[in-house]
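>>> Structure of the sequence below:
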Amino acid sequence: MRGRRPRPRHSIARRRTAPRRRIRNARRRGGSGQGGTTPWLTLAATLPGLAALIALLFNWVSVGQTRTELQIAEQAQVTTRFNVAVTHLGSSSADVRFGGIYALERIMQDSPRDQPRVIAVLSAYVRTHAPAPAGGFPRLKVGEVPPPGRPDVTAVTEVLAERPPGQDGQEKINWRNSDLRGLELSTQRHGKERGGDPSAARHLPFADADLSGADLQRATLTGVNLHGALCSGTILALASFLDVDLREARLYGADLTRAFLQDVRLGSADLSDASLVDASLSGTDFTEVLLVRADLTGARLNVDQLNTPTSLTRADLTGANLTRASLAGANLTGANLGPNEKWGTPAANLTRADLTGANLTRASLAGANLTGANLGPNQKWGTPAANLAGADLTGANLAGADLTGANLAGADLTGADLTGADLTGADLTGADLTGANLRGVHLKGARTDEAVGLPSATGQ
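The predicted structure follows:
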């Protein structure tokens, strides 16, 4: 019997080590991402970051919800404050009313969205507690002061004058038919009360305000923005305006008798049928203003102290009464002082008006009454003769007018009445005087080159 072949030693050793190799290989495969526990370890490592992210999102949602709740609570608080303040306005106690007024002022500062409502409430307060009768109160005499206004109404006007700008929405100041005699609105005054706040508006915000029918006799307005304001029938007699913006304002039928205007802009405003009798309007900007049928008797529209001319460029003065008005040095370029057939208004009345040094280039004066008007130079004021170059003076009444040295080059004087007019030294070059009444006219030294309508016998 054969004996078994003995196994090689190295074969036995390989078998013994095989299980250990398989374990090592399995571990290696797990470490290489092909199996094992590594993905679970990765997931476990990311769990804390994911939890932190979830916590952050939860906190963000919580903060947003808290903010919303706070806003709702704040708005509810503002509503409560508003209701309490309005209730205080109706109190019989002046102190309580003052508290309500200033509480509403604080609400405008704290809640911009509520400012329009506060404006409406305070405007109604003025109209209710300071009503003016139809046509206003009797006109004050020169030197007479109006009775003192109600302190609470004065407080309201100051609060509205000092309100934060740019938060009115569509709401406008409405003081229609209110008694505001002696009202004082001034950027200098309110700016000082603000402590010189550089962010304060340069002009007090009253644009598009409704002041129709209000009585503002002897009011003082300095640095006020009344752009586009409605002032129809407003009584502004003896009122003072300094650095006021009244462009595009509607002042038809307003009473500005003896009013004082300085550095006032009235461009494109409507002053039809307004009374400006004896008003001081020197240096005022009336560019393209409607002054149809306005009464400017005795008004001063001459250059101001700084030699700034009053601008009436392209202004409509059809039917205006300018009797004895001072227009020395005024700029009336392209102004219309003739009749308006469409509206049935006659030409302007410039009887005895002072037009020395006035610029009437291309102005329409057809049919205008210039009887006794002064269009010559003024030695006292150093103003030259009027400039009427190219002006339309057809049918104008210039009887007895002083046109000494006036520039009438190219002017149309067809059918004009120049009876007794003084045209000494005037420039009539190319002027048309066809059919003009030249009885007693003085033409000594006048330039008549190419002038039409001058009789050959007229020389002196």
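>>> mind showing which ranges of the stretch 1-150 of the chain have poor pLDDT?
Along the stretch 1-150 of the chain, the model assigns pLDDT under 70 to residues 1-38, 40, 43-44, 61-75.
>>> Run through the helices of it in chain order.
Using DSSP state H, counting those that start in this stretch, the helices of the stretch 1-150 of the chain run over 9-31, 38-89, 94-110, 115-129.
>>> Buried ones in the following helix or strand past the shortest one, by neighbour count?
The one in question is helix 115-129. Using DSSP states H and E, the helix or strand that directly follows helix 115-129 along the chain is helix 151-161. The neighbour-count check on helix 151-161 (16 or more other Cβ atoms under 10 Å) flags 152-161 as buried. The way it works is simple: take the backbone N, C-alpha and C, and place the C-beta from them, glycine included.
>>> Who are the packing partners of helix 151-161?
Counting contacts by 3 or more Cβ pairs under 8 Å, 6 or more residues apart in numbering; DSSP states H and E, the secondary-structure elements packed against helix 151-161 are helix 94-110, helix 115-129.
>>> can you state the direction angle for that helix and helix 94-110?
Our comparison of helix 151-161 with helix 94-110, counting by axes from the mean of the first three to the mean of the last three Cα atoms, to 10 degrees, yields an angle of 10 degrees.
>>> what's the offset of stretch 294-307 from the middle of its chain?
If you compare the mean C-alpha spot of stretch 294-307 with that of the full chain, they lie 23 Å apart, counting by Cα atoms, centre = their mean, to the nearest Å.
>>> Need the contact partners of that stretch.
Stretch 294-307 is contacted by residues 262, 271-284, 286, 309-310, 312, 317, 320-330, 354, 357, 381, 383 when judged by Cβ atoms under 8 Å, 6 or more residues apart in numbering.
>>> neighbours around the closest residue to Thr308 other than its chain neighbours, how many?
Excluding the flanking residues, the one nearest Thr308 by Cβ to Cβ, 6 or more residues apart in numbering is Gly283, at 4.2 Å. The local packing count at Gly283 equals 21, with neighbours defined by other Cβ atoms under 10 Å.
>>> Can you tell me the SS state at Gly283?
The assignment at Gly283 comes out as coil when based on DSSP: H, G, I helix; E, B strand; the rest coil.
>>> looking at it, it is touching Gln262, isn't it?
Yes. Contact criterion Cβ atoms under 8 Å: Gly283 and Gln262 qualify, at 6.5 Å.
>>> where along the stretch 151-300 of the chain do the helices fall?
Ranges of helices in the stretch 151-300 of the chain, per DSSP H, counting those that start in this stretch, are 151-161, 187-193.
>>> weakest of those in terms of mean pLDDT?
The stretch with the lowest mean pLDDT among those is helix 187-193, at a mean of 57.
>>> Can you get me a residue count around the nearest residue to Asp152 once chain neighbours are set aside?
Of all residues not flanking Asp152 in the chain, Arg97 sits nearest, at 5.2 Å (Cβ to Cβ, 6+ apart). Counted with other Cβ under 10 Å, residues neighbouring Arg97 total 21.
>>> how about Arg97, what does it touch?
By Cβ under 8 Å, 6+ apart, the residues touching Arg97 are 88-89, 91, 152.
>>> Other residues contacting stretch 359-373?
The list of residues contacting stretch 359-373 from outside it, by Cβ under 8 Å, 6+ apart, reads 309, 330-339, 346-355, 386-402.
>>> ok, so of the buried residues of helix 151-161, who is nearest Ala409?
Comparing these against Ala409 with Cβ to Cβ places Ala161 closest, at 51.4 Å.
>>> what about the nearest residue to Lys172 once chain neighbours are set aside, distance to Trp343?
In this structure, Lys172 finds its nearest non-sequential neighbour in Asp208, 4.9 Å apart by Cβ to Cβ, 6+ apart. Computed with Cβ to Cβ, to the nearest Å, the distance linking Asp208 and Trp343 is 27 Å.
>>> Have a look at the two and say which one is more surrounded.
Counting neighbours by other Cβ under 10 Å for Asp208 and for Trp343 shows that Asp208 has the greater number, 18 against 11.
>>> Mind pulling up the pLDDT for the more buried one?
At Asp208 the predicted local confidence, pLDDT, stands at 97.
>>> Over to Pro377?
Spelled out, the predicted local distance difference test score at Pro377 is 88.
>>> so how far is Leu403 from it?
Pro377 is 11 Å from Leu403, where distance means Cβ to Cβ.
>>> what do those two both touch?
Overlap of the contact sets of Pro377 and Leu403 (by Cβ under 8 Å, 6+ apart) consists of Ala385.
>>> the more surrounded of those two?
Per other Cβ under 10 Å, whichever of Pro377 and Leu403 has more neighbours is Leu403, with 29 against 19.
>>> these two touch, right, that one and Leu423?
Yes. At 4.9 Å, Leu403 and Leu423 qualify as touching, with contact defined as Cβ under 8 Å.
>>> which of the contacts of stretch 294-307 count as buried?
For these, burial is judged from neighbour counts taken by 16+ other Cβ under 10 Å, and it is met by 262, 271-284, 286, 309-310, 312, 317, 320-330, 354, 357, 383.
>>> what about Pro346, distance to Asn321?
In terms of Cβ to Cβ, Pro346 sits 10 Å off from Asn321.
>>> what does Thr222 give?
When Cβ to Cβ is the yardstick, Thr222 and Asn321 sit 30 Å from each other.
>>> repeat for Ala239
Relative to Asn321, Ala239 is positioned 21 Å away (criterion: Cβ to Cβ).
>>> One more: Arg250?
When Cβ to Cβ is the yardstick, Arg250 and Asn321 sit 21 Å from each other.
>>> hmm, back to that, for the helices and strands packed on helix 151-161, give me a markdown table that also has distance to Ala363.
Listed next are these as a markdown table, based on distance: least, Cβ to Cβ, whole Å:
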| stretch | distance to Ala363 |
| --- | --- |
| helix 94-110 | 49 |
| helix 115-129 | 42 |
